[in-house]
Every structure is written in structure tokens, then in C-alpha cells.
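Colleague: sequence and predicted model, in that order:
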Amino acid sequence: MSARNNLEQYLRPGKFRFMVGVAGCIIAVVLGLLGGLINAGIIGATSKADAVPFGAMSGVQEGKYAYVDVVGLDEWSARSDDKYMYLCVDKDGQLSILCMKPSDESKFSSQKEYWAQHTKDGTTATVPSPIRVYGTVTKMPGNLISVLSSTYGISSTTLTNKVGTFYLNTMVTAKDSLSFPLFAAAIASAIVGIIMLASHFSHVKTIRTCLDRLDAEGLTQKAWDELQVCLKDSVMVPELPGMLLSENFIISRQDGAIMAYTDILWIYRHVVRRNFVVTSRSLICRLNGSQTVGLGLKTRKKSSEEVTQLISAAVSAKNPTVLVGFTPENSQRYEEMIRQA
């Protein structure tokens, strides 16, 4: 086996990232397909014929498609964005909470009139024909219960005793309630899968970039020989398992990188922050030929600085002209070196 093949085999990424990436993408496709079939009405109980009578006191109905026959409807008593909450009464006298758009009120004129007459003087008003309303059974959050109890001037306990702890969300169809979690899970699986596959193939690309550079410089066999010596002597960079500093090369199995010190033009530490929180640290190596290789520094801040200094010192000892550290001056000098190459 040639030295290049030996190095490639040593640096080759494990199967874990690739398998997780493929599995994530397959799961995303399957979940997305199931969600699409539900939206199309091909599978799942998503029709009005499958709806069950709404029971505001029953937790087993949560997430199910249900209906209530409304004979009385109050004015809206709470709202959140375009969601308006209404207290209603069905033909059996059971109070419930409905969530719907205010534009839907127009079809409940008789029901609103009945509510106003019935609650105003307590007389027996003419009960209008019920209007059947469909929606998804949803648990009421604590803040909604507080707002509703405040609106009607009663305690939260009294409210839940009268209307239960669930409401009927008419703005979410059965298809939505079944397919949305599948689509959300599909997106999450796809993101994980893509990230893992991107990491895997980035590792493979780094291997090829580094080995092509070694081949171009005629250093492949020398790199393999020095790697064998390092492995025999168990020479590792502190706190970075898989990273070796041989006599003439940086070798990082975790990143799939192997570089000659003399091939590095500029080396500096790169820190990525999200909302002022450090999410990653890496050591960037700018090579001859305008190529760039990043080495992960999965250590504490202090340790990453010490590792950076250790690696930079090893490179500088063999390559005195290397630019160390990220500064405007080094950036300008690097651009000049690339233009002159």
C-alpha cells in the first residue's frame, strides 16, 4: 500500500457522522411524506366524520379533532395576536372555550343574541339552532386561565370547574394537528442529517486537499514515516487527542489534516461567537496555493490559547517566515504573498 493510501486510511473519518447523517435525511423524508399524505387526506382520521364530541374536562382528547354544537356565544374575552377566545354554551348547557377568528363571529348572530338575553335577565330565551364548530382540543396555558378568570371576575378554580382545562381551537384543523409535528420533526431531522453529512464530507475534502499538497511537494512518504514514529512514541498535543506534531508536520486525525510546517503561510486562532457566547474555536492554517485548512480546538479558552502557542511555535521553528496571529498587517502581507505566488 502506498504512503498516500496509508495516510488516507489513518485520517479517514469514522462511519458515525455519515451513518447519522444518512439516517437523519431518511427519517426526514419519511416524516415529510407521512405529513404530506395526512395533508392530502390519504391517511389519518382528518375528516369531520372522524371528529368526536368535545369534552373540556377530558385530558384523553388533547390533540384530537372534536366538535361542539354552539347555541350561545359571548363576546371575546381574551386574545393573543389573531387568536380570540370566546365563552360558549352548547345545546346541553355545557360551557366551553372556543378559539377562533373574530371574522367568524358573523355567523353566530342568533347565538350571541341568545347569550345576551339569557345572561341579562335569566329568563328562558328561545334557544337557536345549534351551529356545529370543529377544531383541535388544546390544553389551556396558565396565563390564559388567569386572563379568563379575571375577565369574568371569578377564581381560576371556579373557571376550570365550569369550562374545564381545554379549549377547542377552530384555527387548527385535524390535518394541521397531525401533520405539523411530523413536518417539524422532519425539518429537525433534516438539519441534523445535513450538518452531519456536511461535517463528514468536509473531513474527506480536507484529507484530499492536504494529501494533494504533500504529493505536489514530494513529501507524502516523509509524512507517513514521521506519522509512524509519532504513533510509536505516542506523541500527542495536550488536551487534543488525535493531533500530533512531528518533526516537520502537523497531523490532526479529528480534522483529516496533515500539513508540512513549511507549507503554511499564515496561522491564527479563530473564535466564533453567537450572542456573545463562544460556540467554537479553531486554528486556521493558510497554505501555499491559496488553500485553507481549519483545525478544531475543542478545549477551554486558556487551553486553546496554550495549544495555539504550542503549534505556532512548532511551525515557526521550521518556518521562520510564517505569519502568526490575526492582525491587519498579517492579512495585508498574506494577500501580497498570494499575489506574488
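Modeller: Everything's here; your move.

Colleague: got the buried residues for stretch 79-99?
Modeller: 83-90, 94, 96-99 (16 or more other C-beta atoms under 10 Å). C-beta: built from backbone N, CA, C; applies to glycine.

Colleague: put the alpha carbons of stretch 188-200 into PDB.
Modeller: Extracted C-alpha coordinates of stretch 188-200, given in PDB (Å, rounded to 0.1, in the frame of the first residue of the first chain):
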ATOM      1  CA  ALA A 188     -35.200  18.900  12.700                       C
ATOM      2  CA  SER A 189     -34.000  15.500  11.300                       C
ATOM      3  CA  ALA A 190     -33.000  17.100   8.000                       C
ATOM      4  CA  ILE A 191     -31.000  19.700   9.700                       C
ATOM      5  CA  VAL A 192     -29.100  17.200  11.900                       C
ATOM      6  CA  GLY A 193     -28.600  14.900   8.900                       C
ATOM      7  CA  ILE A 194     -27.300  17.700   6.600                       C
ATOM      8  CA  ILE A 195     -24.900  19.000   9.400                       C
ATOM      9  CA  MET A 196     -23.500  15.500  10.000                       C
ATOM     10  CA  LEU A 197     -23.100  14.800   6.300                       C
ATOM     11  CA  ALA A 198     -21.500  18.200   5.700                       C
ATOM     12  CA  SER A 199     -19.100  17.500   8.500                       C
ATOM     13  CA  HIS A 200     -18.200  14.100   7.100                       C
END
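
Colleague: state the mean pLDDT of it.
Modeller: With pLDDT averaged residue by residue, stretch 188-200 scores 95.

Colleague: show residues contacting it.
Modeller: By C-beta atoms under 8 Å, 6 or more residues apart in numbering, the surrounding residues in contact with stretch 188-200 are 13, 17-18, 20-28, 31.

Colleague: just the ones of the residues you listed in helices?
Modeller: 17-18, 20-28, 31 (DSSP state H).

Colleague: farthest pair within the contacts of stretch 188-200?
Modeller: The largest separation in those, counting by C-beta to C-beta, is between P13 and L31 at 26.7 Å.

Colleague: and the helices in the stretch 101-250 of the chain, which stretches?
Modeller: Here the stretch 101-250 of the chain has its helices, by DSSP state H, counting those that start in this stretch, at 109-121, 142-151, 156-163, 174-217, 220-233.

Colleague: hey, least reliable of these by pLDDT?
Modeller: Minimum mean pLDDT among these: helix 109-121, a mean of 82.

Colleague: what residues sit buried inside that helix?
Modeller: For helix 109-121, by 16+ other C-beta under 10 Å, it's 110-112, 114-115, 118.

Colleague: domains of this protein?
Modeller: 1-44+175-203, 48-172, 219-340 (automatic domain parsing).

Colleague: ok, A51 touching V68?
Modeller: No: using C-beta atoms under 8 Å as the test, A51 is too far from V68 to be in contact (9.9 Å).

Colleague: of these two, who's got more company?
Modeller: Ranked by neighbour count (other C-beta atoms under 10 Å), A51 and V68 place V68 first, with 27 against 19.

Colleague: before we move on, which element is the more buried one in?
Modeller: Here V68 sits within strand 65-80, counting by DSSP states H and E.

Colleague: output the contacting helices and strands for that strand.
Modeller: If you count contacts as 3 or more C-beta pairs under 8 Å, 6 or more residues apart in numbering; DSSP states H and E, strand 65-80 packs onto strand 52-53, strand 83-90, strand 95-100, helix 109-121, strand 131-139, helix 142-151, strand 166-169.

Colleague: quick one: residues in contact with the third one.
Modeller: Contacts made with strand 95-100 from outside it, assessed by C-beta under 8 Å, 6+ apart, are listed as 54, 56, 68, 70, 73, 83-90, 133, 135, 138, 140, 148, 162-164, 167-171.

Colleague: got it, and the longest one?
Modeller: Contact partners of helix 109-121, identified using C-beta under 8 Å, 6+ apart, comprise 70-75, 88-89, 105, 123, 125-129, 131.

Colleague: greatest separation within those residues: which pair is it?
Modeller: Maximum pairwise distance among the contacts of helix 109-121 (C-beta to C-beta): 24.0 Å, between E105 and T123.

Colleague: which of these two has more residues huddled nearby?
Modeller: Higher neighbour count among E105 and T123: E105, with 16 against 7, using other C-beta under 10 Å.

Colleague: next up, the contacts around that one.
Modeller: By C-beta under 8 Å, 6+ apart, the contact set of E105 is 73, 112.
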